[in-house]
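Trainee: Just a sequence and a predicted model for now, questions to come.
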Amino acid sequence: MGRPDLDKFEPRAIYRNSYTGEIVEFLGIASMPELDGEEVGVFRFVERGGYFIATNHGYSRGERFPPAADQDVDEATTAEWRAFVEGDDS
């Protein structure tokens, strides 16, 4: 069992963390043995790099991830990241 909102996220879609206001990209769902196998959302911080794990505990405290408006996203940073992940050398 995991966050009740996990099925609403789309891979590579951009969201805003309701607590921090930071823009994140949803990467996927993972099972965490450290949390008794809880399914968590895995996000990447778009602007500063690094990863964020969205847990059921965060959800119960009110943490949400509404879709980010297009103007909130640094498209150059996102394009660079996607090229790196996909192995694009252009």
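Mentor: Received, thanks.
Trainee: can you tell me how far residue 23 sits from residue 43?
Mentor: 10 Å (CB to CB, to the nearest Å). Using the backbone N, CA and C atoms, a C-beta is placed for each residue, glycine as well.
Trainee: Show me which residues of the longest strand seen in the chain are buried.
Mentor: Looking across the chain with DSSP state E, the single longest strand is strand 23-32. Of the residues in strand 23-32, 23-27, 29 count as buried by neighbour count, 16 or more other CB atoms under 10 Å.
Trainee: now, which of these sits nearest residue 47?
Mentor: Residue 47 lies nearest to residue 23 out of these, by CB to CB, at 6.2 Å.
Trainee: With the flanking residues excluded, which residue is spatially nearest to that closest one?
Mentor: Counting by CB to CB, 6 or more residues apart in numbering, residue 46 is the residue found nearest to residue 23 once chain neighbours are left out, at 4.5 Å.
Trainee: middle-most residue in this protein, spatially?
Mentor: The residue lying closest to the centre of the chain (CA atoms, centre = their mean) is residue 43, at 2.3 Å.
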